[in-house]
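J.: Following is a predicted model, sequence given first.
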Amino acid sequence: FQVKPENRKTIWNTEEVPEGSEFDDTWDPREQPEYQILFKQSVGTEDVFFGMSRKDPSTACCEDMVIKIKLPDTKCSDITLDIQDKVLDLRTPQKKLLLHLPYPVDSKNGKARFLSEEETLEVTLRVSRMFDFINFL
């Protein structure tokens, strides 16, 4: 077993840095908005009445994660949203939310919509866990 030589000027390994840490900026004075994380699954009659699939009401059987973020006095054009596989970064002139997601998501195929009457941004992301292709066929 041979250890690769490292650059002696670095103070940590790249493996030690958590994903999304480039978004952390504790000096930013903007407040964090209220938010909710909900889980959504698609079920049919075979699931509900007959119990033919392996689905149960737990989050482990949910296909989508829905994040509802309250943004009072905000216009849709003021919202900047960046989604990585494990991190959601939202910024407006008054609010900032850096959210480390409970499950990895498909960051390329999410949906977001701003509900102006409720002053809420609703972000729907497909959860991408290992073995979902087996569990949810």
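T.: Alright, I've got the coordinates. Numbers count the residues shown, from 1 in each chain.
J.: Near the residue nearest to Cys76 when sequence neighbours are not counted, how many other residues are there?
T.: Leaving out its chain neighbours, the residue that sits closest to Cys76 by C-beta to C-beta, 6 or more residues apart in numbering is Phe114, at 4.3 Å. C-beta: built from backbone N, CA, C; applies to glycine. Using other C-beta atoms under 10 Å, Phe114 has 16 other residues around it.
J.: Look up how far Leu71 lies from Phe114.
T.: Separation of Phe114 from Leu71 (C-beta to C-beta, to the nearest Å): 8 Å.
J.: Pull up the overlap in contacts between these two.
T.: Common contacts of Phe114 and Leu71 (C-beta atoms under 8 Å, 6 or more residues apart in numbering): 79, 120-121.
J.: Put together JSON lines for those, with secondary structure and distance to Leu99 on each row.
T.: JSON lines is the format used below for the shared contacts of Phe114 and Leu71 (DSSP: H, G, I helix; E, B strand; the rest coil; distance: C-beta to C-beta, whole Å):
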{"residue": "Ile79", "secondary structure": "coil", "distance to Leu99": "14"}
{"residue": "Thr120", "secondary structure": "strand", "distance to Leu99": "15"}
{"residue": "Leu121", "secondary structure": "strand", "distance to Leu99": "12"}
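J.: Now these in TSV, please, with extra columns for distance to Lys40, pLDDT and neighbour count.
T.: Listed next are the shared contacts of Phe114 and Leu71 as TSV, based on distance: C-beta to C-beta, whole Å; pLDDT from 0 to 100; neighbours: other C-beta atoms under 10 Å:
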residue	distance to Lys40	pLDDT	neighbour count
Ile79	22	95	17
Thr120	16	96	19
Leu121	16	96	23
